[in-house]
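[1] Build me a structure from this.
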Amino acid sequence: MGLSAIAIVGAVLAFLPGERVGHARARGAQTASPQSTGSSNGYVGSKLCAECHRAIYDNFSQTDMGRSMSLVSPKLLEKIPNSAHIFDAKLNRHFEVSVKSGNLYQDDYETGPDEKEIFRDTQRVEWIIGSGANGFGAIVRRGDALFEAPLSFYSKTQRWALSPGYEFYDYGFSRPILPGCIVCHSGRPQPIPDGNGRFLDPPFTDLAIGCENCHGPGASHVWEMQEIGPGMRGEGRSIVNPAKLPSWLADNICASCHQTGDARVLRPGKNFQDFRPGSALDDTLAILMVPPKRNSAPQSDLLEHYFSMTLSKCYRGSGSRLSCITCHDPHVQPARQQVAAYFRLKCLTCHTEKSCAVPFAIRQRKNPPDDCAGCHMPKREVKEVSHSVLTNHRIIGESGEPYPDEAFNRTTLKLPDLVHLDAIPGKKDTSLPLILLQAYGQLVSTHPEYRERYLTLAEKLRTSRPEDISVLEALAYGALEKKSSQGAVEAIEYLNRAISQGSTSPADFELCGSLLTRAGRLPEAVDVLQRGIKIIPHDGELYRLLGASYLSQNKSTEASNVLTHASQMFPENTAIRALLVESQKAIQKLTHP
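    Okay, the predicted model is just below:
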């Protein structure tokens, strides 16, 4: 998969904290489509690029990026393992992969002590996400929403196994594909902003990562070449050539997907599709990291390739001129047996044979021989994602080399508690307080030391940003920290205001509905939860809370209706099934006292 679906869907989707009160989300409208191009935001698709750049297109199409997503087809099914049965004792669930009538399916089901099925949920897999370098995942469609499937295929073991995160909880087919993940795995996805997994039709206008992901929208370039012709050097002026950008700006293109950080916060009014190659990534998305400590490694390095590269002697010795594309040509991926020699030639553009202290004869005895990257950029197991390996992009002189002092001095006077990895050189950040608030909100669950900063900053923004959704969520979080009935009342007020301002966060509706139910304000709880279900129709917890609220009002029929529908949508949800039984028993008592 390269930076595989297992790595990104598993890490960015599964391992980043779920949305809670205060967590950052993608907000804002799509950029308006240029009227002059007749295309979507100026994008024309890689197939049009291929008409003039056939050789480059054909080569790129064979790379991991060029095969980042595939539509399930009979031809694809001939290439991938398509039969498996897995039982997970911890979850007490059976999972299956099968092919029927030329389509790929996954099943999630449970059996009782008598081996009879309690439920079975079968969904057709429409897309495979990933090229297979580390493995690939599967995506299903339910209505206008896309969801991850419970099983992924791992190349190292050559087996289907639980998708990352499913070892802790059976999400069934209800884990939504979110914009922050899919934008790095497909050419032109069309997620609905704040849609919680909902997509336009078609969901993808360019399926795999393509030309315009790195070169920007091509409509103006196509027009220029057709109507004006190439310039003095045979190339147009209306397309981005990363090789001609300042190195930090070219690296921004790569960092948008290959640099996770500890918090990723969209700028106000932006969404993930707004980033354009050639512009500063930070204008769309701020990537922040908890400052490394000397007594521990800086971070997991799961998707921290850019930061790791900047800690290399090669990078620092080049005066920051070394960039991702110094070593990587995105258009070409050498065959496995050619990798060592290919990247060795890259090293020799700056180094010589005499640069290596290991005797030539010893280097030749290694397999593969003279593997510079194998020694200085060793692959490592990815702890967060089973059966996966990634290359360490901190180029080291020798094994065990300590991190340079620079790794521990990346904060600034204006930002002393986080490292702003994609900050624009020399630019003042006027929206930093709101960005920090959302970053702290993303961090509080895994880094409790940011809790006080989160609450303090929320209080400071109470006056200047009183109707901002992130501020209201943070204030609700602070109110609940009081652990009092008054605090709960305040939290309800803040959450209601956030919802009124247009929040689409499932957590806001869930928490508000739950607090209202606990406070005995049942009609209000029902109203909030019904509104939440209308906006987020694939969130099982909203249905469970609504059913519980109806039961608290002795409205057994209403509860049964909601929970019956919910059990059909989320058959794996044991809590919903238990409440449904309770509601049906309550109805029986009323009809047969």
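[2] Residue 238: helix or strand, and which one exactly?
    Per DSSP states H and E: residue 238 is located in neither a helix nor a strand.
[3] cool, and the one 10 residues further on?
    Assignment of secondary structure by DSSP H and E places residue 248 within helix 247-258.
[4] Pull up the pairing partners for the helix or strand that comes right after that helix, direction included.
    Toward the C-terminal end, the helix or strand that comes next after helix 247-258 (DSSP H and E) is strand 263-266. Using DSSP bridges, the strands paired with strand 263-266 are strand 285-289 (antiparallel).
[5] For the strand it pairs with, list the C-alpha coordinates in CSV.
    Presented in CSV, the C-alpha positions along strand 285-289 are these (Å, rounded to 0.1, in the frame of the first residue of the first chain):
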residue,chain,number,x,y,z
LEU,A,285,-4.6,22.9,7.7
ALA,A,286,-2.4,23.4,10.7
ILE,A,287,-0.4,20.4,11.8
LEU,A,288,0.8,20.5,15.4
MET,A,289,2.9,18.1,17.5
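[6] Outside of the helix holding residue 248 itself, list whatever touches it.
    3, 8, 183-184, 214, 242-243, 275, 277-282, 285, 287, 303, 305-306, 320-325, 328, 421-422, 425 (CB atoms under 8 Å, 6 or more residues apart in numbering). No exception for glycine: its C-beta is placed from N, CA and C like everyone else's.
[7] PyMOL command to pick out the buried ones of those?
    Those of those that count as buried under 16 or more other CB atoms under 10 Å are selected in PyMOL with:
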select buried, resi 3+8+183+184+214+242+275+277+278+280+281+282+285+287+303+305+306+322+323+324+325+421+422
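[8] Compute the distance between the residue nearest the centre of the chain and residue 470, please.
    Nearest to the mean C-alpha position of the chain, counting by CA atoms, centre = their mean, stands residue 181 at 2.8 Å. Using CB to CB, to the nearest Å, residue 181 is found at 21 Å from residue 470.
[9] list the buried ones in the lengthiest helix in the chain?
    Secondary structure of the chain per DSSP state H: the longest helix is helix 574-591. Using 16+ other CB under 10 Å as the test for burial, helix 574-591 gives 575-577, 579-580, 582-583, 586.
[10] picking up where we left off before, give me the angle between the helix holding residue 248 and strand 285-289.
    80 degrees (axes from the mean of the first three to the mean of the last three CA atoms, to 10 degrees).
[11] about what we covered before: out of the contacts of helix 247-258, name the ones that lie in strands.
    Those of those mapping onto strands are 285, 287, per DSSP state E.
[12] ok so residue 136 is a helix residue?
    No - counting by DSSP: H, G, I helix; E, B strand; the rest coil, residue 136 is not found in a helix; it is strand.
[13] Begin at 472 from now on, thanks
    In the new numbering, first residue 472, that becomes residue 607.
[14] That one pairs with what?
    Note on residue 607: beta-bridge partners by DSSP bridges are residue 624.
[15] wait, isn't it in contact with residue 624?
    Yes - counting by CB atoms under 8 Å, residue 607 does reach residue 624; the two are 5.4 Å apart.
[16] what do the two both touch?
    Counting by CB under 8 Å, 6+ apart, the shared contacts of residue 607 and residue 624 are residue 551.
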